[in-house]
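Q: Below: sequence and its predicted model.
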Amino acid sequence: MRRLLCRASAYSRSFSSSSSRPSSHGEEAIIIDGKSVADEIKQVVAKEVATFKKSVGKTPGLGVIFVGTRRESELYVHNKTIACAETGIASSCTKLSENASEEEVLASVMKYNEDPSVDGILVQLPLPKHLNEDKIMSSISLLKDVDGCHPMNIGSLALNRKQPLFIPCTAKACLQILLKNSIQLSGRYAVVIGCGNISGLPISLLLQKHNATVTRVHALTETPEDYTRRADIVISAAGCPNLVRGDWLKREAVVLDVGISHTQDPSSGDLHLVGDVCIEEARKVASVISPVPGGVGPVTIAMLLQNTMLAAKSRHENDYRKIS
Ligand SMILES: NC(=O)C1=CN([C@@H]2O[C@H](COP(=O)(O)OP(=O)(O)OC[C@H]3O[C@@H](n4cnc5c(N)ncnc54)[C@H](OP(=O)(O)O)[C@@H]3O)[C@@H](O)[C@H]2O)C=CC1
Ligand SMILES: Nc1nc(=O)c2c([nH]1)NC[C@@H]1CN(c3ccc(C(=O)N[C@@H](CCC(=O)O)C(=O)O)cc3)C=[N+]21
Ligand SMILES: [Mg+2]
């Protein structure tokens, strides 16, 4: 009975444009519509950008650095550029070849660090293996770290009572989806699958900041399902198709699928996206699921725009303080 009530209340809470119920037979999870969550955020950002342009006379700007030729990275960078244009943010992209030297990449970061028209910098990951990712990410100016990947920002996210200037976009996107669907975090048990620097790790730190009890599992964890089966909230960011099966989940669990893998259609050559969660099984067990595509991904891009707007504002306030 409690379960039924839970499900009914989760349904009524989310009975809005941001979620849709896939079937009417009453036992399937709510599938979150990330695109509409993203559109709402983008509308707010677009208004802020317009106000900023009018009052300050500057256009917020994002600089992207893309090393190599990975096809999916190219797609993401393209999507980010379009999203910037939609909200009135200026964007530029520095493309470097697969065998670019560390000095070249660092020089590109420095150029954006010093460019007053650039408010936010994103170095597209993963980088080619010969490059030192830590060194490159640490060279991004703290005030421009809209990706939230600088060790100082990650450190502040991990510390009690400290607020980072920028929260990594994917973690922010997950939190936004949870809050939007009135999913309580405080005191609840959350399991994050995968501890990557741009997704799993920051997600687990942000959930912990919101007083969830958090376990992180990874490729070396023995029987990860022992943890996920007890979890109120499961967030998977491993990049392994069908990793999370229906029998890995507790009834009424909330499941966010962050992982994205690309499979190529043998006949058309088109890239298809798949998440980590076996959605056909999970939807029969979970109460709420964010799918791939159309879940966390679009919200992540909206958060990048929000962080870029935030960077423009805080840099402007800093300049103002210096001259007054
Ligand atoms: N939707 C979105 O907005 C975004 C999606 N992504 C996607 O999220 C995924 C993760 O990205 P990223 O963090 O950069 O990746 P990383 O490669 O940095 O991290 C992957 C993590 O998953 C773990 N892992 C791998 N296989 C398994 C497994 N079988 N069981 C449990 N854990 C496993 C790895 O563990 P170990 O370290 O032990 O090998 C590692 O901790 C990718 O698919 C990426 O495309 C990323 C960013 C944004
Ligand atoms: N420094 C850095 N920061 C990142 O945030 C970062 C990165 N590097 N490297 C790659 C990953 C991946 N990532 C995605 C963002 C949006 C979608 C997204 O919008 N996905 C859409 C579909 C997109 C499509 O159709 O191709 C969806 O899931 O519906 C996907 C993936 C950010 N990443
Ligand atoms: Mg590397």
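A: Thanks, I have it. Numbers count the residues shown, from 1 in each chain. Ligands and ions are numbered 1, 2, ... in the order given.

Q: From ligand 1, how far off is the residue in the chain that ligand 2 sits nearest to?
A: Of all residues in the chain, the one sitting closest to ligand 2 is G297 (2.4 Å; Cβ to the nearest ligand atom). For every residue, glycine as well, the C-beta is placed using N, CA and C. As for G297, its distance to ligand 1 is 4 Å (criterion: Cβ to the nearest ligand atom, to the nearest Å).

Q: and that residue, helix, strand or coil?
A: helix (DSSP: H, G, I helix; E, B strand; the rest coil).

Q: Was I right to think it contacts V37?
A: No. Assessed by Cβ atoms under 8 Å, G297 is found out of contact with V37, at 11.0 Å.

Q: quick revisit: do you know the pLDDT at the residue of the chain closest to ligand 2?
A: Listed pLDDT for G297 reads 97.

Q: Equivalent analysis for C93, please.
A: Looking at C93, the pLDDT reads 96.

Q: Confirm it sits in a helix?
A: No. Counting by three-state DSSP, C93 is not found in a helix; it is strand.

Q: neighbours around the closest residue to it other than its chain neighbours, how many?
A: Among residues not flanking C93 along the chain, V64 sits closest, at 4.5 Å (Cβ to Cβ, 6 or more residues apart in numbering). Taking other Cβ atoms under 10 Å as the criterion, the count of residues near V64 is 23.

Q: can you check E133 too?
A: E133: 16 surrounding residues under other Cβ under 10 Å.

Q: how much space is there between V44 and ligand 1?
A: 19 Å.

Q: got the CA coordinates for whichever strand or helix holds that residue in CSV?
A: Using DSSP states H and E, V44 maps to helix 34-56. The C-alpha coordinates for helix 34-56 follow below in CSV (Å, rounded to 0.1, in the frame of the first residue of the first chain):
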residue,chain,number,x,y,z
GLY,A,34,15.2,16.0,-20.0
LYS,A,35,14.7,18.2,-23.1
SER,A,36,11.8,20.1,-21.5
VAL,A,37,13.8,20.6,-18.3
ALA,A,38,16.6,21.9,-20.5
ASP,A,39,14.4,24.2,-22.5
GLU,A,40,13.1,25.8,-19.3
ILE,A,41,16.6,26.5,-18.1
LYS,A,42,17.7,27.8,-21.5
GLN,A,43,14.8,30.2,-21.5
VAL,A,44,15.9,31.7,-18.2
VAL,A,45,19.5,31.9,-19.3
ALA,A,46,18.5,33.6,-22.6
LYS,A,47,16.7,36.3,-20.6
GLU,A,48,19.7,36.8,-18.3
VAL,A,49,22.0,37.0,-21.3
ALA,A,50,19.8,39.7,-22.9
THR,A,51,19.7,41.7,-19.6
PHE,A,52,23.5,41.4,-19.3
LYS,A,53,24.1,42.6,-22.8
LYS,A,54,21.8,45.5,-22.2
SER,A,55,23.2,46.6,-18.8
VAL,A,56,26.9,45.7,-19.2
